[in-house]
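Asker: sequence-free structure coming up:
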């Protein structure tokens, strides 16, 4: 995924929190690299999200498009399409043409091609820059 950095802040416990923009909307999480990103720069990144419980996942109407947004309670909302469910209940979600994530979800009603919304607290969103 491509992330354009808008702000970089350090939390009280020393974590680097970045806010940025993706092709589908606003994004925020913990930067997991010793090199702090530069504001107004683009980065190719990968994510690590926690195990998502049934309370954090919602099956949406099939006509909805991908989206990424933040709320005032420091939560990230992502919406994408389930492309594959493997035998270990790993869900392959597509959020954009070049943005696919492998997620662990505790929800047995999700099917391939479902549109899924996810809610994740910002402090559980880990962002790793990709080195080429």
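Answerer: Okay, I see it. Bear in mind that the values here come from a model prediction, so they are computed numbers and not experimental data.

Asker: from here on, contacts and neighbour counts on C-alpha atoms
Answerer: Will do.

Asker: so for the biggest strand by length in the chain, what's the average pLDDT?
Answerer: The residue-count maximum for a strand in the chain (DSSP state E) belongs to strand 75-85. For strand 75-85, mean pLDDT rounds to 97.

Asker: packing partners for the following helix or strand past that strand?
Answerer: Using DSSP states H and E, the helix or strand that directly follows strand 75-85 along the chain is strand 90-96. If you count contacts as 3 or more Cα pairs under 8 Å, 6 or more residues apart in numbering; DSSP states H and E, strand 90-96 packs onto strand 75-85, strand 99-104.

Asker: any idea which of those strands is most buried?
Answerer: strand 75-85 (a mean of 21; mean count of other Cα atoms under 10 Å).

Asker: just checking: what are the partner strands of that one?
Answerer: Strand pairing for strand 75-85, using DSSP bridges, gives strand 67-70 (antiparallel), strand 90-96 (antiparallel), strand 115-121 (antiparallel).

Asker: nearest to residue 80, of the ones you listed?
Answerer: strand 90-96 (4.5 Å; Cα to Cα).

Asker: tell me the spacing between residue 13 and residue 108.
Answerer: Residue 13 is 37 Å from residue 108, where distance means Cα to Cα, to the nearest Å.

Asker: which residue is the nearest non-sequential neighbour of residue 10?
Answerer: residue 16 (4.6 Å; Cα to Cα, 6 or more residues apart in numbering).

Asker: equivalent analysis for residue 53, please.
Answerer: residue 106 (5.0 Å).

Asker: I figured the one you found hits residue 52, correct?
Answerer: Yes: with contact defined as Cα atoms under 8 Å, residue 106 reaches residue 52; the gap is 6.1 Å.

Asker: overlap in contacts, the two.
Answerer: Counting by Cα atoms under 8 Å, 6 or more residues apart in numbering, residue 106 and residue 52 have no common neighbour.

Asker: so where's this protein uncertain?
Answerer: Along the chain, segments meeting pLDDT under 70 span 132.

Asker: surely residue 49 is in contact with residue 103?
Answerer: Yes: the criterion here is Cα under 8 Å, and residue 49 meets it with residue 103 at 7.1 Å.

Asker: overlap of the contact sets of these two?
Answerer: Joint contacts of residue 49 and residue 103 (Cα under 8 Å, 6+ apart) do not exist.
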